[in-house]
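*Asks:* Sequence first, then the predicted structure:
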Amino acid sequence: MSPVSYLLSTARGCVGLLGVIGLSDAYAKMQTLSEARAAHVVSLIEDLADLEAREEAEDLAAAREALADGETPVLWEDLKAELNALHGQG
């Protein structure tokens, strides 16, 4: 499978990354690259998707840990109001 075909077949897993430029734009740009360069781009996209998944897993673990400590959660609206008051906004 060519890198371009591979990218298109796996693009749904990288929607956050490809959503910025759009899938059709990504396809058009990939068509202009050599096979080796396209393979490199696909590798970078896969690495970025992996990093994004790891960050999400770490965030989820931290959120679960925070919820398990038994403290009362702080509402976003309250925190936002406090920050705005501290920084003179709002």
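*Replies:* Sure thing, it's come through.
*Asks:* pLDDT weak spots in the protein?
*Replies:* Within the chain, the stretches with pLDDT under 70 are 1-23, 90.
*Asks:* max-length helix in it?
*Replies:* When the chain is parsed with DSSP state H, its longest helix is helix 35-68.
*Asks:* Give me the helices and strands touching it, please.
*Replies:* Counting contacts by 3 or more C-beta pairs under 8 Å, 6 or more residues apart in numbering; DSSP states H and E, helix 35-68 packs against helix 3-10, helix 15-18. Bear in mind the C-beta positions are built from the backbone N, C-alpha and C, glycine included.
*Asks:* after that helix comes which helix or strand?
*Replies:* Downstream of helix 35-68, the next assigned helix or strand under DSSP states H and E is helix 76-86.
*Asks:* quick one on the thing from earlier: and the longest helix of the chain, what's buried?
*Replies:* By neighbour count with 16 or more other C-beta atoms under 10 Å, helix 35-68 contains the buried residues 38-39, 41-42, 45-46, 49.
*Asks:* For those, name the two members farthest from one another.
*Replies:* A38 and A49 (16.4 Å; C-beta to C-beta).
*Asks:* if I look at D78, how far off is T72?
*Replies:* Counting by C-beta to C-beta, to the nearest Å, the gap from D78 to T72 is 11 Å.
*Asks:* Which of those two has more residues huddled nearby?
*Replies:* Between D78 and T72, counting by other C-beta atoms under 10 Å, D78 is the more crowded of the two (10 against 5).
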